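# Here is the input, now give the coordinates:
(2 chains)
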2 protein chains.
Amino acid sequence: MIVVQKYGGTSVGNLERIENVANRIIKSKQLYKDLVVIVSAMSGRTNELIERAQYYSDNPSKLEMDKLLNCGEKESAALLAIALISKGYDAVSLSGKDALMLTSSDYTNAKIISIDNSRVKQELQKGKIVIIAGFQGADENGFETTLGRGGSDLSAVAFAGALNADLCEIYTDVDGVYTTDPRIEPKAKKLDKISYEEMLELASLGAKVLQNRSVELAKKLNVKLVTRSSFNENEGTIITSEEKMEQALVSGIALDKNQARITLRQVEDKPGIAAKVFTTLAKNEINVDMIIQNVGRDGTTNIGFTVPQSSLNQALDAMRELLGANALIESDSEIVKVSVVGVGMKTHAGVASSAFLALANEGINIQMISTSEIKISLIVASKYAELAVRTLHKTYNLDK
Amino acid sequence: MIVVQKYGGTSVGNLERIENVANRIIKSKQLYKDLVVIVSAMSGRTNELIERAQYYSDNPSKLEMDKLLNCGEKESAALLAIALISKGYDAVSLSGKDALMLTSSDYTNAKIISIDNSRVKQELQKGKIVIIAGFQGADENGFETTLGRGGSDLSAVAFAGALNADLCEIYTDVDGVYTTDPRIEPKAKKLDKISYEEMLELASLGAKVLQNRSVELAKKLNVKLVTRSSFNENEGTIITSEEKMEQALVSGIALDKNQARITLRQVEDKPGIAAKVFTTLAKNEINVDMIIQNVGRDGTTNIGFTVPQSSLNQALDAMRELLGANALIESDSEIVKVSVVGVGMKTHAGVASSAFLALANEGINIQMISTSEIKISLIVASKYAELAVRTLHKTYNLDK
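The predicted model follows:
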């Protein structure tokens, strides 16, 4: 059985924690024949290196940045190997380049092209625990690269795929994926299982357990993911394909407080107007999230969309410039987005209407609605944020 | 013109100092066509990494130690390259492995086997300033190695040799090589030139400017060395072969306060007795420095030698065990070794007698004498240390 484990920056945050990780690995090695461990840099280290480089330039050479940043994970990988060897276990640390991860040459934000698993397999065959520096690889010229933020998770998933691993365990400082934020709804439950698709929706809605890039890659490579805490022995959350799970109607409720709403009223209802609006926003590098446009009448229509709060003023300026001083432009930053996520929606009717009804019963007005196959997102006034989350959490029996 | 420069840990001790080094390199680049720079880790960094590893073991895996230690110089090399690039100069940082330094597999204390200069030449041909992480290479398996203490100087000399460089400048925090320690004799003068041989004697006598390994390699590869300060614009000291210099009678006076003297009296004067004594000391890993044995009489002889003060008790125990409880063993730790070094001695008679006469005039008794082709070492009582140094400094007109 091949298992890939990944320990994040907090888990290897100091020398004592690295020793704890070593002890955890030793326990795992007794369960699994082949163990490959991906490590992040000690927490704070990557930022420290970035700050040092920025002493010289706001925009330091990316090729050299990657040589610099690479050191963070190499250090923690070597220290972890030293800890394991000193406890009598055979271990070896490899850089991403040593472990033959080939990436694009987009320094500081490289894409994984492929992994040649021969070096890792060779070390496993010698009976070694293989420690790989996460977040890094090398391009076809042999120059070292890094994968951007969250890259260590991505390394773990990619090596799990390349090794055809039975399991990829992602260790962080949280226990797993919850039905909603436990700080809002104390009855929130940790999910035992969730599908890639649901995890993707939850991640893009602000759940910070796993980044979308990693979940997408796990889905593509069909890697069975487990996310769990390195600070306790609790079982985590398994993230796998839909077929392997009983389909829950709804898996979780997510809350995003960072949106602001803009409505353009009585815009001319003719082809190309939406394109103009959103091309303008894109040119200004403003991320648009929800977009609502209804069928118009009287030759005009209303276009509603949400943008990050920090981009609201910039977005308003861009719209005024595009539509002229007399355009009817409304905005509201006192709103939140509440989302209901569940693969069960695909096959069950009535999920959305239950949400609408439950919120109406609490007197919560829904300002905008957007649905996908496995997600319903609702914009409501900020003051209702927590109430809406708790109401929906109860509506779908997530506390049971 | 190809020039190799090496900047030590103090010279790159913080971000501001790295920037100063970058400015110095830029000036040099205007003088020299091809510039290769070797850097140490930021001061304290190597010790920090060693301490971290020792958290897990007093004797951590050497293979993994080298992966860990390697990071120190890679970091300063990348930061220096970033500083240069941000100032508009084309630079590239290379690890020892990137720069194709092949070493033995004696991890943490590897020996340089050879350098393939193709990668460095290729980068120079692109017009780049090449920054190489010092102190490191890789063995034939591609595992990274380090060269042991002082290894960055060694890297500099080795690359200078491999590139057939015109000059190898070693930047430290001192101005160069002095006729003696300026803290003892304020009239000490910085030497403009010194031969490899003299430098070797001075280095082994305690002058801390350059390590013997580096000077020996420079001599072997015929690399013209200059040692100078990175904190000012002073000319340094050129270290080169004898043929290239006017031969000074005496180049410097060195003082070693770390010795203790042992005398074995009335030892049987028969073949093999000295061998027994010094084999015993070697087995105890005691470094013996001076050895004096005179022609004996009455079938016995006296053997005198010096050992490091820290090994004195151990050496005495070993001698008592070897020679028996009744042996006449004397020791004195209140002694120092004063040495006169100069290639001129080879061809000039009377250098030694001038020393003896000058010390006698000051009432300083000489306890032991040992001479080589270019060195006279004298053991005197500790209380005369500074007086002896100043007296000899004056005797050979080194203050002129």
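
# And for A:V341, the neighbour number?
28 (other CB atoms under 10 Å in any protein chain shown). From N, CA and C alone the C-beta is placed, and that goes for glycine too.

# Find the residue closest to it in space, skipping its chain neighbours.
Excluding the flanking residues, the one nearest A:V341 by CB to CB, 6 or more residues apart in numbering or on different chains is A:E201, at 4.4 Å.

# A:Q314 and B:N284, how far apart?
Separation of A:Q314 from B:N284 (CB to CB, to the nearest Å) stands at 77 Å.

# So A:A78 lies in a helix, does it not?
Yes - applying DSSP: H, G, I helix; E, B strand; the rest coil, one finds A:A78 inside a helix.

# what's it in contact with, if anything?
A:93, B:53, B:64-65, B:67-68, B:71 (CB atoms under 8 Å, 6 or more residues apart in numbering or on different chains).

# Take those residues and write them to CSV, including secondary structure.
Shown next, in CSV, are the contacts of A:A78 (three-state DSSP):
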residue, secondary structure
A:S93, strand
B:A53, helix
B:E64, helix
B:M65, helix
B:K67, helix
B:L68, helix
B:C71, helix
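
# Just the residues contacting stretch A:4-11, thanks.
With CB under 8 Å, 6+ apart as the criterion, stretch A:4-11 contacts A:17, A:21, A:25, A:28, A:35-46, A:134, A:152-153, A:155-156, A:159-160, A:163, A:165, A:167-173, A:230-231.

# chain center to it, what's the gap?
15 Å (CA atoms, centre = their mean, to the nearest Å).

# Quick one: mean pLDDT for it?
Stretch A:4-11 carries an average pLDDT of 95.

# Flag every buried residue along it.
A:4-11 (16 or more other CB atoms under 10 Å in any protein chain shown).

# What about the closest residue to A:A133 other than its chain neighbours, how many residues nearby?
Closest residue to A:A133 apart from its sequence neighbours, by CB to CB, 6+ apart: A:E73 at 3.6 Å. Counted with other CB under 10 Å, residues neighbouring A:E73 total 31.

# ok, now how distant is A:E73 from B:I50?
From A:E73 to B:I50 the distance is 19 Å (CB to CB).

# Could you do A:N313 as well?
With CB to CB as the criterion, A:N313 and B:I50 are 52 Å apart.

# More neighbours: those two, which one.
Higher neighbour count among A:N313 and B:I50: B:I50, with 15 against 12, using other CB under 10 Å.

# Next to chain B in this structure, residues from the stretch 51-200 of chain A, please.
A:52-53, A:55-57, A:60-61, A:63-65, A:67-68, A:70-71, A:74-75, A:77-79, A:81-83, A:85-86, A:92-93, A:95, A:98, A:142 (CB under 8 Å from any CB of the partner chain).

# Any of those residues buried? List them.
A:52-53, A:55-56, A:60-61, A:63-65, A:67-68, A:70-71, A:74-75, A:77-79, A:81-83, A:85-86, A:92-93, A:95, A:98.

# Tell me which residue in the stretch 201-350 of chain A sits closest to chain B.
A:S230 (17.8 Å; CB to the nearest CB).

# tell me what the host helix or strand of the residue nearest to A:V341 is packed against?
When elements are assigned from DSSP states H and E, A:E201 belongs to helix A:196-204. Counting contacts by 3 or more CB pairs under 8 Å, 6 or more residues apart in numbering or on different chains; DSSP states H and E, helix A:196-204 is packed against helix A:212-221, strand A:237-240, strand A:252-256, strand A:335-341.

# Can you add mean pLDDT and give the ones you listed back as a markdown table?
Compiled in a markdown table, the helices and strands packed on helix A:196-204 are given as follows (pLDDT from 0 to 100):
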| stretch | mean pLDDT |
| --- | --- |
| helix A:212-221 | 91 |
| strand A:237-240 | 92 |
| strand A:252-256 | 90 |
| strand A:335-341 | 93 |
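
# Which one of those lies nearest to B:K257?
Proximity to B:K257 (CB to CB) singles out helix A:212-221 among the helices and strands packed on helix A:196-204, at 61.3 Å.

# in the closest one, what counts as buried?
For helix A:212-221, burial by neighbour count (16+ other CB under 10 Å) applies to A:213-219.

# could I get these as a markdown table with distance to A:E242?
A markdown table is the format used below for the buried residues of helix A:212-221 (distance: CB to CB, whole Å):
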| residue | distance to A:E242 |
| --- | --- |
| A:R213 | 20 |
| A:S214 | 18 |
| A:V215 | 13 |
| A:E216 | 15 |
| A:L217 | 17 |
| A:A218 | 13 |
| A:K219 | 10 |
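
# of all those residues, which two lie farthest apart?
Farthest pair in the buried residues of helix A:212-221, by CB to CB: A:R213 and A:K219, 11.0 Å.

# which residue packs closest to A:K97, ignoring adjacent ones?
Of all residues not flanking A:K97 in the chain, A:A138 sits nearest, at 3.8 Å (CB to CB, 6+ apart).

# So what sits opposite the one you found in the bridge?
A:A138 has these beta-bridge partners by DSSP bridges: A:L102, A:E144.

# related to what we said a few turns ago, run through who's touching the helix holding A:E201.
With contacts defined as CB under 8 Å, 6+ apart, helix A:196-204 is touched by A:177, A:194, A:209-212, A:215-216, A:218-219, A:239-242, A:251-252, A:254, A:339, A:341-343, A:372, A:374-375.

# Centre of the chain to stretch A:304-315, how far?
Put simply, stretch A:304-315 sits 22 Å off its chain's centre (CA atoms, centre = their mean).

# again, but for stretch A:182-198
Distance, centroid of stretch A:182-198 to centroid of chain: 15 Å (CA atoms, centre = their mean).

# Just the CA atoms of it, as CSV, please.
Presented in CSV, the C-alpha positions along stretch A:182-198 are these (Å, rounded to 0.1, in the frame of the first residue of the first chain):
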residue,chain,number,x,y,z
PRO,A,182,-18.5,26.2,13.5
ARG,A,183,-17.9,29.8,14.7
ILE,A,184,-21.3,30.7,13.2
GLU,A,185,-23.2,27.4,13.9
PRO,A,186,-21.9,25.5,16.8
LYS,A,187,-23.9,22.5,15.7
ALA,A,188,-21.8,22.3,12.5
LYS,A,189,-20.6,18.7,12.0
LYS,A,190,-17.4,17.4,10.4
LEU,A,191,-18.2,15.6,7.2
ASP,A,192,-16.8,12.1,6.9
LYS,A,193,-16.9,12.2,3.1
ILE,A,194,-17.5,14.8,0.5
SER,A,195,-17.2,14.7,-3.3
TYR,A,196,-14.5,16.5,-5.3
GLU,A,197,-17.3,18.7,-6.9
GLU,A,198,-18.7,19.7,-3.5
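
# Max pairwise distance over the buried residues of stretch A:4-11: which two?
Maximum distance among the buried residues of stretch A:4-11 (CB to CB): 18.9 Å, for A:V4 and A:T10.

# Could you measure from A:Y7 over to A:M199?
A:Y7 is 20 Å from A:M199, by CB to CB.

# er, A:A260 actually
26 Å.

# quick one: which of those two has more around it?
A:M199 (29 against 21).

# B:I194 versus the more buried one, what's the distance?
From A:M199 to B:I194 the distance is 69 Å (CB to CB).

# and what of A:T306?
75 Å.

# and those two? which has more neighbours close in?
B:I194 (30 against 27).

# does that one count as helix, strand or coil?
strand.

# Make sure it is actually in contact with B:V209.
No - using CB atoms under 8 Å, B:I194 makes no contact with B:V209, being 9.9 Å away.

# so what sits against both of those two?
In contact with both B:I194 and B:V209: B:177, B:202, B:237, using CB under 8 Å, 6+ apart.

# Output those residues in CSV; the columns should cover neighbour count.
Formatted as CSV, these follow (neighbours: other CB atoms under 10 Å in any protein chain shown):
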residue, neighbour count
B:V177, 24
B:L202, 28
B:T237, 23
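
# Run through the residues that contact A:K97.
Applying CB under 8 Å, 6+ apart, the residues contacting A:K97 are A:136-138, A:142, A:144.
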